[in-house]
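1. From the sequence below, what's the structure:
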Amino acid sequence: MEARHELAQELLNIKAVQMRTENYFTWTSGIKSPIYCDNRLTMSYPEVRRKVAEAFVELINEMEVKPDIIAGCATAGIPHAAWIAEQLDLPMVYVRSKPKGHGKGNQIEGHILEGQKAVVIEDLISTGGSSIEATEALKQKGVEVLEVLAIFTYGLKKAANNFDAAGLKCRTITDYDTVLSLLASNGQINESEKVTLEKWRDDL
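-> Below you'll find the model as predicted:
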């Protein structure tokens, strides 16, 4: 089983990713969704989190230009960034959604230098907004962002458009289509349900 399928199966096994063909979940935005994705659960499963970290490291090793620093998006990207940085023996920082309201008012926690090259680590890509905001905070400090890497993406067109507009490359370990493919091959959804679930994503 290739890595994308193996990691998707692991996420399903620990219920980090759950699918419903009816009685959809409700996102914070109010959108009714057949998928609920909580990759924070991977922290509680050592074998799964190791596989996730190794998959991230493999993506980084494939890069032509290597990073000087690993940047995690607060909050769910932070632990993964730490495990990756440890494996690669690289410095790590994390980026808040906005500057802290007290103390030094930092948005970026950790030590960075102008001219460093960073990879941004996120747990989940929906529209890409939080990841892009993190890259902008880094760029303002003179850091070059090479790529955004995430565990999972819904594969929304809006995300692809947002990353294109920001001039950013984004890759993920696994994705919505891979999960659907696994559920169909395991007999957990039929072909008609698979088509309906694909249409939900494509119409969003």
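2. Leaving out chain neighbours, which residue sits closest to Trp200?
-> Pro34 (5.9 Å; C-beta to C-beta, 6 or more residues apart in numbering). Every residue, glycine included, has its C-beta placed from N, CA and C.
3. Now for the one you found: which residues touch it?
-> Counting by C-beta atoms under 8 Å, 6 or more residues apart in numbering, Pro34 touches Met19, Arg20, Thr21, Tyr24, Phe25, Leu197, Trp200.
4. Where does the residue nearest in space to the middle of the chain fall, secondary structure wise?
-> In the chain, the residue lying closest to the centroid (C-alpha atoms, centre = their mean) is Ala150, at 2.4 Å. Ala150 is part of strand 144-153 when elements are defined by DSSP states H and E.
5. Check which element follows that strand along the chain.
-> Taking DSSP H and E as the definition, the helix or strand that follows strand 144-153 towards the C-terminus is helix 157-166.
6. okay, the angle between whichever helix or strand comes after that following helix and strand 144-153?
-> Downstream of helix 157-166, the next assigned helix or strand under DSSP H and E is strand 170-175. If you take axes from the mean of the first three to the mean of the last three C-alpha atoms, to 10 degrees, strand 170-175 sits at 20 degrees to strand 144-153.
7. what about the longest helix in the protein?
-> Ranked by number of residues, the top helix in the chain under DSSP state H is helix 46-61.
8. what packs against that helix?
-> When contacts are defined as 3 or more C-beta pairs under 8 Å, 6 or more residues apart in numbering; DSSP states H and E, helix 46-61 sits against helix 3-13, helix 78-88, strand 144-153, strand 170-175.
9. can I get the CA coordinates of the very next helix or strand once past the second one in PDB?
-> Secondary structure here is assigned by DSSP H and E; on that basis, the next helix or strand after helix 78-88 toward the C-terminus is strand 92-95. Once non-C-alpha atoms are left out, strand 92-95 reads as follows in PDB (Å, rounded to 0.1, in the frame of the first residue of the first chain):
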ATOM      1  CA  MET A  92      11.900  25.100  14.700                       C
ATOM      2  CA  VAL A  93       9.500  28.000  15.200                       C
ATOM      3  CA  TYR A  94       5.800  28.300  15.400                       C
ATOM      4  CA  VAL A  95       3.500  31.000  14.000                       C
END
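10. just checking, next helix/strand downstream of strand 92-95?
-> Next in sequence after strand 92-95, counting helices and strands by DSSP H and E, comes strand 108-109.
11. which strands and helices sit next to that following strand?
-> With contacts defined as 3+ C-beta pairs under 8 Å, 6+ apart, strand 108-109 has these neighbours: strand 92-95.
12. Many thanks, I have nothing further to ask.
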